[in-house]
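**Student:** take a look and give me a structure for this.
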Amino acid sequence: MSGAGHAGAGLAPPLTQPHRFARRRPPRRPASGGELPEDAAQTVRRGAAARVEAPRRPTPRPRRWATAVLIACGTVIALGLAPLPSDLAHPQGAEATRLALILAAQLAPLLPLVLGLLRALGLRTGMRAAYVSALMVGTAGAVLTMSAYRLEPGIGEVLLLLGGIVSLAAAASFALLNRRGLASIGGGLAGLTLALCAIPAFWSLASVAEISVSARTIAGADPYCLARHSREAPVRSLAGLRAASFRAGLDSAAMDAGWQFHGLLLLDRPGGLEAWNWSPRAARFDRIENPERFLLRPLTACRPQPDYLGDLPLLPGPD
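**Tutor:** Down below sits the predicted model:
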């Protein structure tokens, strides 16, 4: 007995806990229909929830931020930098190449708005096609700008600035035609570039109010008029007071002399006519001393009349 007891004592005790790798089954409900214990009920609910497939997340709608940026910035650029019919005027006898370069450089501000509307209608391109198009458009814009800069020495700086802004805006607009829009790195940089190009266009629009207030303050009750420095080039609409339009014209006589004034303010004072030149940098009118001595006389640009700005329409009408 002592040996049997000793041998029995060496046996391992029976397993009272399930193995850790054993599959745990949820407890069954009693046949009598009684309630399960709270812990057992939680186990049943947990197992049932695990077997239910998780609902799929709804597919997000395509982001329209790229389209909104294109339309918003394109509208500002078109309103601030798009040319008026008087801006495209050029002296007769000019070369066709020169006219084509100036026309292309000044019509380019419409590209961002046009591409924004096309994107809103569903136009999308691949990433590579969008970036290659942007590179080609930007290169073409730079070539046109530099060509116009060399052909127009009298207003080269103006064309260089406007051409550079418009070329960047056009290239960024083509880059935003990619399917991912602003979600890609290139699309985000293109959107930032387009927003930066819209800043000078907004400044061009804001100059309308600035020039109007300054001209009325200087004139007071005296007759006055506003014009570009050219022969018979009065401002015919409020849109002509934008910074992109109220600037030196394309008159060959002034360009041959190597100078031009920007926008002009003529006043009919009791002592005679006065001429004032608009300074975009200082944002003010500066009086021109002895205007009759200049080759292209500023006094012939327009005819002063009472409340000149009050009679101007918003946009120029047909001539």
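**Student:** quick one: the helices in the stretch 201-319 of the chain?
**Tutor:** 252-257 (DSSP state H, counting those that start in this stretch).
**Student:** how about the strands of the stretch 151-300 of the chain, start to end?
**Tutor:** All strands of the stretch 151-300 of the chain, identified by DSSP state E, counting those that start in this stretch, fall at 224-228, 263-269, 272-279, 284-287.
**Student:** so which of these is the most packed in?
**Tutor:** Highest mean neighbour count among these (mean count of other Cβ atoms under 10 Å): strand 224-228, with a mean of 24. (Each C-beta comes from the backbone N, C-alpha and C, glycine too.)
**Student:** ok, residues contacting it?
**Tutor:** 86, 211, 215, 218, 233-235, 240-241, 245-249, 263-268, 301-305, 308-309 (Cβ atoms under 8 Å, 6 or more residues apart in numbering).
**Student:** try 7 Å this time
**Tutor:** Residues from elsewhere that reach strand 224-228 (Cβ atoms under 7 Å, 6 or more residues apart in numbering): 215, 233-235, 241, 246, 249, 263-267, 301-305, 308.
**Student:** show me where pLDDT drops low in the protein?
**Tutor:** Low-confidence segments of the chain (pLDDT under 70): 1-63, 85-99, 102, 105, 151-159, 230-232, 248-260, 295-296, 317-319.
**Student:** got the domain ranges for it?
**Tutor:** Domain ranges of the chain: 65-206, 209-311, per automatic domain parsing.
**Student:** tell me which residues touch Ala66, please.
**Tutor:** Per Cβ under 7 Å, 6+ apart, neighbours of Ala66: 119, 176, 181-182, 187, 191.
**Student:** show me which of these are buried.
**Tutor:** Taking 16 or more other Cβ atoms under 10 Å as the criterion, what is buried in the contacts of Ala66 is 119, 176, 181-182, 187, 191.
**Student:** narrow the residues you listed to those in helices?
**Tutor:** Secondary structure defined by DSSP state H assigns 119, 187, 191 of the buried ones among the contacts of Ala66 to helices.
**Student:** reformat the strands of the stretch 151-300 of the chain as CSV; add distance to Ser133.
**Tutor:** Rendered in CSV, the data for the strands of the stretch 151-300 of the chain read as follows (distance: least, Cβ to Cβ, whole Å):
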stretch, distance to Ser133
strand 224-228, 36
strand 263-269, 37
strand 272-279, 38
strand 284-287, 42
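**Student:** can you put the contacts of Ala66 in CSV and add distance to Ala134?
**Tutor:** What follows is the contacts of Ala66, written out as CSV (distance: Cβ to Cβ, whole Å):
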residue, distance to Ala134
Arg119, 14
Leu176, 9
Gly181, 14
Leu182, 14
Gly187, 10
Gly191, 12
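**Student:** and of the residues you listed, the nearest to Met146?
**Tutor:** Checking these against Met146 with Cβ to Cβ, the nearest one is Leu176 at 25.1 Å.
**Student:** dump the ones in helices among the buried ones among the contacts of Ala66 to CSV, plus distance to Pro200.
**Tutor:** Compiled in CSV, these are given as follows (distance: Cβ to Cβ, whole Å):
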residue, distance to Pro200
Arg119, 23
Gly187, 22
Gly191, 17
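**Student:** and of those residues, the nearest to Leu113?
**Tutor:** Arg119 (10.8 Å).
**Student:** ok, now which ones touch Gly164?
**Tutor:** By Cβ under 7 Å, 6+ apart, the contact list for Gly164 reads Thr145.
**Student:** at 10 Å instead, please
**Tutor:** If you count contacts by Cβ atoms under 10 Å, 6 or more residues apart in numbering, Gly164 has them with 141-142, 145-146, 149, 197.
**Student:** burial of the nearest residue to Pro112 once chain neighbours are set aside, as a residue count?
**Tutor:** Excluding the flanking residues, the one nearest Pro112 by Cβ to Cβ, 6 or more residues apart in numbering is Gly74, at 3.4 Å. When neighbours are defined as other Cβ atoms under 10 Å, Gly74 has 25 of them.
**Student:** list the buried ones in the helix or strand containing Gly74?
**Tutor:** Assessed by DSSP states H and E, Gly74 sits inside helix 65-81. Residues of helix 65-81 classed as buried by neighbour count (16+ other Cβ under 10 Å): 66-74, 76-81.
**Student:** and stretch 194-209, by the same measure?
**Tutor:** The neighbour-count check on stretch 194-209 (16+ other Cβ under 10 Å) flags 194, 197-198, 200-201, 204-205, 207-208 as buried.
**Student:** thank you kindly, that will do.
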